[in-house]
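Engineer: output the structure for:
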Amino acid sequence: MRSATAGAGAPGPAFLGHPAGLATLFFTEMWERLSFYGMRALLVLFLVDGVAHGGLGLDDRTASAIYGLYVGATYIAALPGGWIADRLIGSQRAVLAGGALITCGHVLLWLSPTSSLFFTGLFLIVLGTGLLKPNASALVAQLYPQGGAARDAGFTIYYVGINIGATLGPLIAGFVAQRYGWPYGFLTAALGMAAGLLQFLWWRPLLGSAGARPAQAEPGLAGRLLLPGAALLASMVGLLIASGLLRVAAVQLQVLATSGILIVAVGYFAYLLFGAGLDRRARARILALLVLFTASTLFWAGDEQAGSSLNLFAARYTDLHWLGLTLPASAFQSLNPIYIVAFGPLFGMLWVGLARRGMDPSTPVKFMLGLLGIAAGFLVMAAAARLVAAGHQVGIGWLAATYLLHTWGELALSPVGMSATTRLVPDRYVGQGLGLWFVSLSLGNLLASRIAGNFDPAHREAMPGEFMHLVWFGTLCAAGLALSLPLMRRWMQPAR
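Structural biologist: Take a look at the predicted model:
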């Protein structure tokens, strides 16, 4: 081990040839993702399980609405979470506060004798994730003030930590919940985040001054009013959750949240197009970004069936016996990160190889491939659903193939979309542009939960048709994007 110093990071033994602080963030994010994905894999299954078995006994539509609200809220919360760190408390304190809130939230899930306490726990996890997730990534960037290839390599290592946690979380939480009950599955998530928090506290000195202070030392009047206002708002929301209104109005709240986020997105695009003082070329690129934003939202509306309708399909209609084991239904949630680790480098090499031959597909074409991957995956599910409608259980290979096709679609669209966003927005709007990208994920999750709520377990014969609707959904979205290619080529110049 050698000594390494990287800008704001403190000197210390290197971590895989990188600043020592990267190890702190690698394991913090690994444990946080283990916690997040472990609980997420159980959420819908717990909500629909009967009260006699320890669940809440909700119908599929309400459970899917709650799932969509929860996951969508974690993406939206990243926007104020990043602002709070930048203007008020710094990234390091934001990660600490976020980890503490997440841990407390998971403890409430473990101790959830009532639905109101359970939803209060979800609320705390949303707040904590909004603080921790964006600011852990920001700390990685701050370890490399020189930028360049070193920062890219650091983020690659960090991304591995994310996917290790995302792989292990559903497996550990699923097997524990299957053997000992739902509360202990949620307890594994609490212990995972607690481990990440303690690790961050112990190795925090390796971060040095990176993110120790807010970028803007004097937040001004708005900043001074933010914390009391946020505390008041959080208290009011907490009281509504504790009263049980969230359970009663989950579907209506889902509709309101979807509409509200859509209005915000449309309003921001309108501002960029008409109120930001951009020239004609820059406005054309914003129009291209609007098309990609729409395609991204529609992609995630299909892909995020993983935690809802596909999760319920695994639990109800799939033979979970494999190699002498009885798999928990949540174990399928580990397939996506496994596939990403396995195929992500291959996709990277594919794009580089095609570019060398002058054959690299444009960004809209890659988005089309992503949407077609969604359609192909649901075509597999439509075939599996026909067997279910005939009264059979299906093997695990059907879901494994579906997740593989969806992951290939994700690898064609998601990393490319983030890169395209940074190229299409003016330099002074890059941070906000990436925030807008996360809005597409949030909106997609809410739409996904509305789609999942239409699956009726009492009418298996309708299931093949419902999956075929998703096949046509993905295919028609890809076709619409294909029709826009001439305009997109013109709008995206010189950004490809």
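Engineer: can you point out the buried residues in stretch 273-281?
Structural biologist: Residues of stretch 273-281 classed as buried by neighbour count (16 or more other CB atoms under 10 Å): 276, 278. In short, each C-beta sits where N, CA and C put it, glycine included.
Engineer: return that stretch as CSV; C-alpha atoms alone will do.
Structural biologist: Extracted in CSV, the C-alpha atoms of stretch 273-281 (Å, rounded to 0.1, in the frame of the first residue of the first chain):
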residue,chain,number,x,y,z
LEU,A,273,-37.0,27.3,-23.7
PHE,A,274,-38.5,30.7,-23.2
GLY,A,275,-37.1,32.3,-20.0
ALA,A,276,-33.4,31.3,-19.7
GLY,A,277,-32.1,33.6,-22.4
LEU,A,278,-30.7,30.8,-24.5
ASP,A,279,-29.9,31.3,-28.2
ARG,A,280,-31.6,29.3,-31.0
ARG,A,281,-29.0,26.5,-31.1
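Engineer: just the residues contacting that stretch, thanks.
Structural biologist: Contact partners of stretch 273-281, identified using CB atoms under 8 Å, 6 or more residues apart in numbering, comprise 272, 283, 286, 287, 426, 429, 493.
Engineer: now rank those by neighbours and give me the top one.
Structural biologist: When neighbours are counted by other CB atoms under 10 Å, residue 272 leads the contacts of stretch 273-281 with 24 neighbours.
Engineer: go through the helix or strand hosting that one and flag the buried ones.
Structural biologist: Assigned by DSSP states H and E, residue 272 falls within helix 250-274. For helix 250-274, burial by neighbour count (16+ other CB under 10 Å) applies to 250, 251, 253, 254, 257, 258, 261, 264, 265, 268, 269, 272.
Engineer: just the strands in this protein please.
Structural biologist: Ranges of strands in the chain, per DSSP state E, are 3-4, 12-13, 321-322, 325-326.
Engineer: output the below-cut-off pLDDT ranges for the stretch 1-150 of the chain.
Structural biologist: For the stretch 1-150 of the chain, the stretches flagged by pLDDT under 70 are 1-16, 113-114, 147-150.
Engineer: dump the buried residues of helix 250-274 to CSV, plus pLDDT and distance to residue 138.
Structural biologist: Shown next, in CSV, are the buried residues of helix 250-274 (pLDDT from 0 to 100; distance: CB to CB, whole Å):
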residue, pLDDT, distance to residue 138
250, 70, 33
251, 73, 35
253, 75, 30
254, 77, 30
257, 79, 26
258, 83, 28
261, 84, 23
264, 81, 22
265, 84, 23
268, 83, 21
269, 89, 25
272, 85, 23
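Engineer: pop the domain breakdown of this protein in here.
Structural biologist: 18-248, 258-496 (automatic domain parsing).
Engineer: and those domains, which one's lowest on average pLDDT?
Structural biologist: Among those, domain 18-248 carries the lowest mean pLDDT, a mean of 80.
Engineer: show me what contacts residue 306?
Structural biologist: Going by CB under 8 Å, 6+ apart, residue 306 touches 332, 333, 336, 403, 406.
Engineer: and residue 197, how far from residue 29?
Structural biologist: To residue 29, residue 197 is 12 Å away according to CB to CB, to the nearest Å.
Engineer: for residue 142, which non-adjacent residue is spatially closest?
Structural biologist: Nearest residue to residue 142, sequence neighbours excluded (CB to CB, 6 or more residues apart in numbering): residue 210, at 4.1 Å.
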